[in-house]
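[1] pasting the sequence and the predicted model now:
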Amino acid sequence: MTQPKIAVIFYTTYGTNHAIALAAAEAAEAAGAEVRLRRVKETAPMAVVEGQAPWKAQLEKMANIPEVSPDDMEWADGYFFSAPTRYGVVASQMRAFIDTLGGLWSKGKLADKPVTATTSAGNLHGGQETTLISLYTTFMHWGAILVPPGYTAQAVYDAGGNPYGYSAKAGEFDEVGKAAVAHQATRLVEFTKKLVG
């Protein structure tokens with residue numbers, strides 16, 4: 001069977017979605033995928049980033065992780081996205097990256113690939129579900145194949161029961177969350193295997 005190629009693409013400000021992406025990459029590799037972990041470029045002014053010590057420290061912590069490019073999107077057979085919620089939709093940094101993909105989209109290079117998404121917010125009702133649905137709406141425009149976790153494992157229920165994708169309270173990614181992310185990433189790999197095998 002062909003080894004599926006999974007791009008784990010994340011944006012983070014203070015580290016929650018970085019931690020989610022690391023857990024997803026680990027689980028995807030354990031499920032048999034070749035994984036590229038990629039971060040989305042920071043678009044906030046550096047004066048703003050450097051004015052907040054935790055934000056600056058997180059950016060420095062990720063300096064060794066390559067920024068995602070359209071080449072990574074073309075390379076991958078499937079995608080795992082993770083980014084925070086901002087006012088009920090995905091953070092603008094992730095949106096800015098997605099908005100660079102028109103060339104690939106117009107050539108059908110994003111179509112027929114499985115995709116799943118996770119998010120975080122500052123509280124338990126901060127727009128996580130609308131964020132995930134807005135991402136999935138974009139992925140439908142690509143012609144991608146949505147692979148949400150649904151209610152397919154106890155880990156989903158244990159982590160709060162979000163059928164669209166795992167969602168964390170910012171700064172509170174724990175072992176229960178890791179199990180839910182591992183299930184979601186493994187499910188993505190299994191679906192991808194079926195398509196590339």
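    Nice, I can see it.
[2] grab the nearest non-local neighbour of Ala96.
    The spatial neighbour of Ala96 that comes closest, neighbours along the chain excluded (Cβ to Cβ, 6 or more residues apart in numbering), is Thr43 at 5.2 Å. Heads up, the C-betas are built off the backbone N, CA and C, glycines and all.
[3] now that neighbour, what's its secondary structure?
    Using DSSP: H, G, I helix; E, B strand; the rest coil, the structure places Thr43 in coil.
[4] in this structure, which helix or strand is least confident?
    helix 46-50 (a mean of 92; mean pLDDT, DSSP states H and E).
[5] might one say that Glu74 is in contact with Lys109?
    Yes. Counting by Cβ atoms under 8 Å, Lys109 is a contact partner of Glu74 at 5.2 Å.
[6] report the central residue of the protein.
    Residue closest to the average C-alpha location in the chain (Cα atoms, centre = their mean): Phe81, at 1.6 Å.
[7] what about that residue, which helix or strand?
    Per DSSP states H and E: Phe81 is located in strand 78-86.
[8] sorry, back to before: now do the contacts for the residue nearest to Ala96.
    Listed by Cβ atoms under 8 Å, 6 or more residues apart in numbering, the contact set of Thr43 reads Ser92, Gln93, Ala96.
[9] now Ala7
    Ala7 neighbours (Cβ under 8 Å, 6+ apart): Val35, Arg36, Arg38, Val68, Asp72, Met73, Trp75, Ala76, Gly78, Tyr79, Phe80.
[10] selecting buried members of those residues in PyMOL, what would you type?
    What follows is the PyMOL syntax for the buried subset of these, where burial is set by 16 or more other Cβ atoms under 10 Å:
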select buried, resi 35+36+38+68+72+73+76+78+79+80
